[in-house]
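# Make a model of this:
(one chain, ligands or ions: 2)
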Amino acid sequence: MKAVCLEKVGAPLAERELADPVPAHNDVVVRTTAAGICHSDAHYRAGASSVGALPLALGHEVAGVVEQVGSNVPANRVGTRVALHYLVGCGDCEMCRSGREAFCEHVEMLGKNRNGGYAQRVVVPAGNAIPVPDSVDDAVAAIMMCSTSTALHALRRAGFRPGESVAVFGCGGLGMSAILLATALGAGPIFAVDISSAKLDRAASLGAHPVNPNEHDAANAIRAATGRRGVDISLDFVGRPVTVDACIRATGVQGRAAMVALMDVPAPIYTYRDLIAREISVIGVSDHLKQDAEDALSLAADGLLHLSDMITRRVPLSAPAINQVLDGLESGTTDVRVVIEP
Ligand SMILES: [Zn+2]
Ligand SMILES: [Zn+2]
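Ligands and ions are numbered 1, 2, ... in the order given. You can find the predicted model right below:
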């Protein structure tokens, strides 16, 4: 089968002929119909995050049709439309059995630690193949497997309840997904914090109140706009000490500040002023679980999430086309999401 692979870190992806995948007893082989090109893929190509053995077909945002099943999988799954949850756990440990596969010691990520969707076919355990509702198109289902699911997990970890106010720090893919989801789930006022006026305009077009930290202290602006209360939930998708601080200061009494962005330096937290005085919880969010991916698809099927406008371009499974999209993600692009349609 044709695949577009990372063969050497730091070099452009290359087209390769890979052996057609064969399903083990509990697996399904899926014919790829849509694979999102994610900013993380540019990081993998550049060597900014570690990946598994090379050559590797990238692509962790995948939808397709089940083409073959292993001996333990019901034959009637052949032909079903599915989207793939990208975290493949061992299926057997305490974390996997309790639906917390992201914390499995042997977890592998599709398109990072094992071959993913930049290929004509992908093999995964049957449990990772989530049925796609009829009303959701393949490209939309594919891109929901990443930032939408993680943003939903973040809102859940933060204990979001309808009517609560939310501040989103960083309005890239994850932040915009969080705004869309918070709106769909019935949030009160939503504040969008970013230094990019283009991103703030997009957030405002979705109904969020834009806050530019280059113009005023974001936390003070949010507190002023909420009658000094602060928000119930703030989400950090930036990952800098200054945004962690603003995120916590913007959070009101018994609010929750959820940390989603990766950061490799410590952030100062004033335990008395911020945590104790207002009983704020600071919460860590790591990726998402299969349940989040399933529930995100249900929200889309119920007409509560409209993501098709986010797909601004579709490209074939070709190395030059994919490398060009990854170059664009590195240098800044006007495209929102690009999807490969093999
Ligand atoms: Zn992604
Ligand atoms: Zn496990």
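# Now the nearest residue to Ser286 once chain neighbours are set aside. Its backbone dihedrals?
Leaving aside its sequence neighbours, Ser286 sits nearest to Ala102 (Cβ to Cβ, 6 or more residues apart in numbering; 5.9 Å). In this view, the C-beta of every residue, glycine as well, is placed from N, C-alpha and C. Dihedral pair for Ala102: phi -60, psi -20, per degrees, to the nearest 10.
# Arg314 now?
phi -130, psi 140.
# wait, it sits on Val338?
Yes: using Cβ atoms under 8 Å, Arg314 makes contact with Val338 at a distance of 7.2 Å.
# neighbour count winner among the two?
Val338 (24 against 13; other Cβ atoms under 10 Å).
# Quick check: which helices or strands does the helix or strand where that one lies pack against?
Using DSSP states H and E, Val338 sits in strand 337-340. Packed against strand 337-340 by the contact rule (3 or more Cβ pairs under 8 Å, 6 or more residues apart in numbering; DSSP states H and E) you find strand 27-37, helix 138-143, strand 311-315.
# Could you list the paired strands of it along with their orientation?
Paired with strand 337-340 in the same sheet, following DSSP bridges, are strand 27-37 (antiparallel), strand 311-315 (parallel).
# next SSE after the longest one?
Past strand 27-37, heading to the C-terminal end, the next element that is a helix or strand (DSSP H and E) is helix 39-46.
# I'd like the mean pLDDT over that next one, please.
The average pLDDT within helix 39-46 is 94.
# Can you give me the buried ones in it?
For helix 39-46, a neighbour-count test (16 or more other Cβ atoms under 10 Å) marks Ser40, Asp41, Ala42, His43, Tyr44, Arg45 as buried.
# so which two of these are the farthest from each other?
Ser40 and Arg45 (9.8 Å; Cβ to Cβ).
# how much space between the most centrally placed residue in the chain and Val336?
The centroid of the chain falls nearest to Ser147 when counting by Cα atoms, centre = their mean (1.9 Å). Look at Ser147 and Val336: by Cβ to Cβ, to the nearest Å, they are 11 Å apart.
# now Leu262
Leu262 is 22 Å from Val336, by Cβ to Cβ.
# before we move on, back to that, just put the strands paired with strand 337-340 in JSON lines and tack on distance to ligand 2.
Listed next are the strands paired with strand 337-340 as JSON lines, based on distance: least, Cβ to the ion, whole Å:
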{"stretch": "strand 27-37", "distance to ligand 2": "16"}
{"stretch": "strand 311-315", "distance to ligand 2": "33"}
